[in-house]
Structures are given as structure tokens and as C-alpha cells.
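S.K.: Provided below for reference: sequence and predicted model.
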Amino acid sequence: MSSPAEPLAPVEPSPGARQLSRGITATWWYTVTAVMAFELALVASWALLTLASDLRGIGGLIVGVGGLLWCASTIPLLFDYRHRLDAEPGVRWLRLVVPLLIAVAYGIAAGAVVGSWQLALMPVVQSLVLLNWPRGVRYKVVIAATIILACLAVVDSALDVSDEIPLLVPVVYTLFLPAMTVSSLWWWDVLITLDRARASEARLAATQERLRVATDVHDLQGHHLQVIALQLELAERLLPTDPDAGMEQLRAARISVDEARQGTRDLALRFRSVPLGDEIANARDLLRAAGLEVEAVIPADSGAAPASALGPVIRETTTNVLRHGGGRRARLVLTRTDDGWRYTIVNDVVGDVAQDAAGSGLDGVRRRIDEAHGALEVNRHGGEFTVTVTVPADAEEAR
């Protein structure tokens, strides 16, 4: 009895996709850090000003320690905001009750200690700004909150509740905290929108390409199959009465089959073939996106090089560098020889990974080059791994 099949290993994302993902994640942490810095600086300013008038430090301790607890309670709100595009519309109040209760409790305690209505409302306002409001509502909340905080600042000044504390700095900071928070989150919104647009554009391009391929295959095969069907039907009718004419139709059907097969091969070659200069440029951009320092030498007459022979080689060797190289530099060179073309890719390697790649990943390259009557050389010297491919100028015809 045969052994059960082993589960397939998960497909790892490409280095370019990993780099883009790391960039998006880093931007998110910059955003979180900026918002938390705003909140902590505001709590510190209120706590220091409270300590300036309360030498015993009880009021400052309430404002400072309570402020740290409130800042920690806004972290779940920030992460809920990050995933708001994948969540259901509206605000999930039940999951956010605890952070909002902490904001209310801290506002009441700190406002009572300092004697400021603005400080009493600020934690609640900031927590409300971070909620997952429907489109267009959050900016209205920010405008309303700013107006309310400005009015409360005027009330604090009119009541003159604390002559000992100069409230100008924390009052102004508190007034602009919602706007500064929204400005930081806006940059994150822009990045997410651009990333999703890029992904949608890539999916749309792939879908359009599949539709184009399907249309071309349908037109090509539909025509030939219809002709073959008619020829076979005619041969079936003629064979009993006119065997020679029937055999002629069978030969014509066989020719139609060969034409359909050749047409399919030409169609596939047309979709696979890309100018060799573009292939090398794409490989260079891919390696650079993966974080490598890349130098590419592309001659002006690269369009005359056999793309069908060297194109798959360029793609396969680029993939090997990404999967097995582990280094930081690469060099891609295409040159013309007396009777053909030579492509060389050199990259620095780490450990023995390149030897494994030479034993497996380059087998497909060797078969392709043998079909084109070319030569493949694989060398490792010091910390560099070199693949050199030479093909004759008529490699297209050989393949």
C-alpha cells in the first residue's frame, strides 16, 4: 500500500512582496508611535503643571499614572482602526466599552484634580476620534470635538479655576490633539488606498490578459476544429462511394490538425516572448525590489538576441538568485559574440545554498540550452556564483 502523500509546503511570498509588506507595516508603526507620542506628551504636560502647584504630588500622580493607563487603552482602538477596511461597517461598541470607560474615568479624575473642563473631556474626545466611524463621519467628529474643546478652554479661562497653573501650553495642545491625530492617520489611509489600488490593478491586468488569451485560443481552435469536423464528415460520406476522394479529405484533416497544433505553439510562443532587453530590465527591477544592488549591461542591439532561448534562462536564473543566493549584489550582462550571444549573471552567495541551486534549479535551464544547441557554465569562486549561457545566433530556429 502506498504511503500517504505528504502535505504541500506553503508557498512563500516573493522577496518583493515581503519588502512591500515590511514597508506597509513599518509605516503603520510610525503612525502608532506618532499618535502615542502626542498623547504621552499631553499627559506629561498636564502632570508637570499639576506637580508645579501641588508639591505633595498626589494630583500629579493621579494625572500622570492615570494618563499612562488611558494611553494604553487607546492601543486597541488604534489596531481596530487599522483593520477597519476589512471589518463590517459601523462601530462595534461592545468590544470598545472598556477603552471608552477608562477614558471617561480618567477624564473625570484628572479634570477634578486640575480643575479643568477641557482636560475632563479630552480623553473621551481622543478615544472617539480613533473609532471606526463610517466614511465622512470621523472628520465631522473631529470638527465638533475641536469646537467643544475650544469652548471649554474659554470656560476654564473665564472661571479661573486654577490661578497657579499656566494653562496656555496644555490648553493649545489639547485643542489641536484631534486634528494632529487625524493628520497622522490620514497618511496611513493614503498608503492603504494606494496599496489596494496597486493590488486591484494587478488583478485586473491579469484578468484582462487571461481573457485575451482565452479569446485567441477560442478563435484559433474553434476555426480549426470546425474545419476538421467538416473534412471528417465529408470523408465519411465519400469513403463508401469514392475511396480516393475520401482519403484526400482525411489527409486534408490531418494537415488541418498539424496547422492547429502549429498555430497553438506559435500563439504560446507569442505570449511568452518578450524583448530580451525588457527581460533583463524586469529581472534588474525585481532584484532591486528584493533589496539587492544590481548592475545590468544591456547592449543597444539586444532586440536581435534569441528571446525564446534566453528569456526563460533569465527568468529562471533570477529566481535562483532570489531563492538561493542570500547575498546583496548581482550583475547581469548580455554580450554579443562572433557566432551568437552570451548571458552572464553573477551574484554573491552565503553558505552552500548556491551548490544546491546548481544541482536542481538549473536543470531546466540546461535542458533549454541543449535544445537551442548552446552551452551552460556554472562556477563558484570565492563568494560569487556565476552562471554563463551561450547560444548561437540562430537559436530560434534550433528550438
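M.R.: Everything's here; your move.
S.K.: Low-confidence regions, the stretch 201-350 of the chain specifically.
M.R.: Along the stretch 201-350 of the chain, segments meeting pLDDT under 70 span 202, 268-274, 325-326.
S.K.: Recalculate using a threshold of 90.
M.R.: Scanning the stretch 201-350 of the chain for pLDDT under 90 picks out the ranges 201-293, 296-329, 336-340, 348-350.
S.K.: quick one: the strands in it?
M.R.: Taking DSSP state E, counting those that start in this stretch as the criterion, the stretch 201-350 of the chain carries its strands at 293-297, 326-336, 340-349.
S.K.: Between those strands, which one is closest to residue 40.
M.R.: Smallest distance to residue 40 across those (CB to CB): 38.0 Å, for strand 326-336. Any C-beta I mention is one placed from the backbone N, CA and C, and that applies to glycine too.
S.K.: Run the angle between the closest one and strand 293-297 for me.
M.R.: For strand 326-336 against strand 293-297, the angle between stretch directions is 10 degrees (axes from the mean of the first three to the mean of the last three CA atoms, to 10 degrees).
S.K.: Note down every partner strand of strand 326-336 and its orientation.
M.R.: strand 293-297 (parallel), strand 340-349 (antiparallel) (DSSP bridges).
S.K.: Tell me which of those strands lies nearest to residue 250.
M.R.: Smallest distance to residue 250 across the strands paired with strand 326-336 (CB to CB): 43.0 Å, for strand 340-349.
S.K.: So residue 148 belongs to a helix, correct?
M.R.: Yes: Residue 148 sits within a helix when classified using DSSP: H, G, I helix; E, B strand; the rest coil.
S.K.: Next, work out how far apart it and residue 276 are.
M.R.: 65 Å (CB to CB, to the nearest Å).
S.K.: Check which residues of stretch 60-73 are buried.
M.R.: By neighbour count on 16 or more other CB atoms under 10 Å, the buried set for stretch 60-73 is 60, 62, 63, 64, 66, 67, 68, 70, 71, 73.
S.K.: and what of stretch 175-190?
M.R.: Neighbour count says stretch 175-190 has 175, 177, 178, 181, 182, 184, 185, 188 buried, by 16+ other CB under 10 Å.
S.K.: mind listing which of these are in strands?
M.R.: Judged by DSSP state E, strands contain none of the buried residues of stretch 175-190.
S.K.: Adding distance to residue 137, write those residues out as JSON lines.
M.R.: Shown next, in JSON lines, are the buried residues of stretch 175-190 (distance: CB to CB, whole Å):
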{"residue": "175", "distance to residue 137": "21"}
{"residue": "177", "distance to residue 137": "19"}
{"residue": "178", "distance to residue 137": "14"}
{"residue": "181", "distance to residue 137": "15"}
{"residue": "182", "distance to residue 137": "12"}
{"residue": "184", "distance to residue 137": "18"}
{"residue": "185", "distance to residue 137": "14"}
{"residue": "188", "distance to residue 137": "18"}
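S.K.: Can you say which two of these are spatially most distant?
M.R.: Greatest spatial distance in those: 175 and 188, 23.0 Å, computed using CB to CB.
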